[in-house]
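# have a look at this prediction, sequence included:
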Amino acid sequence: MRVAIMTAGSRGDAAPYTGLGHRLGLAGHEVTLVTHGRFEPLVAGSTVRFHALPVDPLAELESPRGRGLHRSTSGPGKLLRVGDLARRVVGRMTEDLLAAARHNDVLLLSSSLAPLGHTIAEGLRLPSLGVFLQPLAGTREFAPPVLGGGAWGGPVNRLTGQGVGLAVEHVFAGAVPAVRERLGLPPVRAGAAWRARERRRWPVHHGFSPLVVPRPRDWRSGLEVGGYWWPYDAGARLPEAVREFLDAGAPPVFVGLGSATVPDARRLSARVVAALRRAGLRGVIQRGWGGLAAQGDDMLTVGEVPHSALFPRMAAVVHHAGAGTTAAGLRAGVPAVPVPVQFDAGFWSARLVALGVAPAVVPLRRLTVDALASALVRATRDPAYRRRADALGARIRGEDGTAPVLAALDRLGG
């Protein structure tokens, strides 16, 4: 079958689908990743084709409106701001989403495009599946991850989760009606479309391990948790400069914030370096979209480096707790120090601590030299964190998260 995987957002919202798509390609499907043009290099060498969307997420984050995210200190506040940002750009992607869909037999939709993608699939009479990287459906077991996670009590957790689902629908309220009219579908309210998907038990596969987030007991049927989808990185090798740095001393600590931007990269970089040196550790600092950097013989600043090759050689990983980087650290079996910045990062940070592979959460807004150094000392000198991380990593590496998605496609084709 011809399969389109549609996603939007940061690098972490695209990379896992390269591995999922490659695996589907090896099974005989013709797979196209539909996402922002800046991520086309991620599919190089794989079986996956590429269809570019016109919006550049980094440019949007660096715009005045995007920088406004830093002024929000709460999960709901950040969600409102990013929803407004997405609402203003989604219309620019509609034509390419439609064009890509017309050349495929089935759509696999990330959570970031599900409302619009499902409408397109309905109008073109194509089957579709959700392929989500976070547990977004409402549950009594935890609060919505995009609000930072936590637990507010069973009924409130579930009700708030449903509210977030409706809020995501409204992000697309400006684009969906025109698409429905264009494809000959009757008009519906945004909330009605979401309820219809729930009532029909629209299938959603989740790309994270049940060892990390067990499937909530109160989820409806059709919501599945099968295991991680790893980014395609066949033959990934570390640059020579990185290998030389690693071989020159004790295992260092990785520090990176991925696609998160920060208000003052120079000040944050200085604090990170000071904390590493206070803890007696070398560091590999990834620039990321935030622009971190460090100098000195005991520090190495890097650009994009395959986490699958780098993380196993680290003493610990300090990261923004995005879904993808969290997964990479768990897969490598190394301790973590999560530094959540926004959205679901608080949720994944709490999971790392609960699993016993991270000593503490150090939120970016409260990051001090003392706090980070203390967490680093615990993560690297208490062998219990390494033992638990190593054991969990071995079990996660034994899972095959792509198999349930492949089986679902086989059922559609049968």
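Arrived safely. Numbers count the residues shown, from 1 in each chain.
# may I have the phi/psi pair for V262?
phi -130, psi 150 (degrees, to the nearest 10).
# same thing with L53?
For L53, the backbone dihedrals (degrees, to the nearest 10) come out as phi -100, psi 150.
# before we move on, what about A114?
The phi/psi pair for A114 (degrees, to the nearest 10) reads phi -60, psi -50.
# how is the protein partitioned into domains?
Following the assignment in automatic domain parsing, the chain carries domains at 2-228+399-413, 240-397.
# for this protein, just list every one of the strands.
2-6, 30-36, 49-53, 106-109, 128-132, 204-206, 223-225, 253-256, 283-286, 299-302, 316-319, 336-338 (DSSP state E).
# out of those strands, which gets nearest to V156?
Closest to V156 of those, according to C-beta to C-beta: strand 223-225, at 20.2 Å. All C-beta spots, glycine's among them, are computed from the backbone N, C-alpha and C.
# now the closest one, how far from the centre of its chain.
In terms of C-alpha atoms, centre = their mean, to the nearest Å, the centre of strand 223-225 is set 17 Å apart from its chain centre.
# residues making contact with it?
Strand 223-225 is touched from outside by 135, 137, 203-206, 208-210, 213-215, 404, with contacts defined as C-beta atoms under 8 Å, 6 or more residues apart in numbering.
# which ones are touching L116?
Listed by C-beta under 8 Å, 6+ apart, the contact set of L116 reads V90, T94, L97, F172, A175, V176, V179.
# and with 6 Å instead?
By C-beta atoms under 6 Å, 6 or more residues apart in numbering, the contact set of L116 is F172, A175.
# so G258 sits against G324, correct?
No. Using C-beta atoms under 6 Å, G258 makes no contact with G324, being 7.5 Å away.
# shared neighbours, the two?
What both G258 and G324 touch, as defined by C-beta under 6 Å, 6+ apart, is the set G12.
# more neighbours: which of those two?
Neighbours were counted for G258 and for G324 using other C-beta atoms under 10 Å; G324 has more, 26 against 21.
# and the closest residue to that one other than its chain neighbours, how far from V317?
With C-beta to C-beta, 6 or more residues apart in numbering as the criterion, G324 has its nearest non-adjacent residue at 3.8 Å, and that residue is G12. Computed as C-beta to C-beta, to the nearest Å, the G12 to V317 distance reads 14 Å.
# what separates stretch 342-354 from the chain centre, distance-wise?
The mean C-alpha position of stretch 342-354 is separated from the chain mean by 12 Å, C-alpha atoms, centre = their mean.
# likewise stretch 35-51?
17 Å.
# what pLDDT, on average, does that stretch get?
The average pLDDT for stretch 35-51 rounds to 96.
# now do stretch 131-148
91.
# next, the distance between the ends of that stretch.
This stretch, stretch 131-148, spans 21 Å end to end (C-alpha to C-alpha, to the nearest Å).
# what's that stretch in contact with?
So stretch 131-148 is in contact with 75, 79, 108, 111, 149-152, 154, 157-158, 160-162, 164, 204-207, 213, 216, 218-219, 223, 323, 343-344, 346-347, going by C-beta under 6 Å, 6+ apart.
# repeat that for stretch 277-290.
Outside stretch 277-290, the residues within contact range by C-beta under 6 Å, 6+ apart are 58, 249, 252-262, 265, 276, 292, 294, 298-303, 373, 376-377.
# how long is it from one end to the other?
By C-alpha to C-alpha, the extent of stretch 277-290 from end to end equals 21 Å.
# and if you look at stretch 89-109?
Stretch 89-109 stretches 18 Å from its first residue to its last (C-alpha to C-alpha).
# wait, H22 touches S46, no?
Yes. Counting by C-beta under 6 Å, H22 does reach S46; the two are 4.3 Å apart.
# quick one: average pLDDT of stretch 385-401?
pLDDT averaged over stretch 385-401 gives 98.
# circling back: could you dump the strands of the chain into CSV with distance to G191 added?
Formatted as CSV, those follow (distance: least, C-beta to C-beta, whole Å):
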stretch, distance to G191
strand 2-6, 22
strand 30-36, 26
strand 49-53, 26
strand 106-109, 19
strand 128-132, 18
strand 204-206, 18
strand 223-225, 19
strand 253-256, 38
strand 283-286, 40
strand 299-302, 45
strand 316-319, 36
strand 336-338, 34
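# re the thing from before, compare neighbour counts for G12 and V317 and give me the winner.
V317 (27 against 20).
# now that one: how far from A403?
Look at V317 and A403: by C-beta to C-beta, they are 27 Å apart.
# in this structure, which helix or strand is least confident?
One helix or strand of the chain scores below all others by mean pLDDT, DSSP states H and E: helix 64-67, with a mean of 56.
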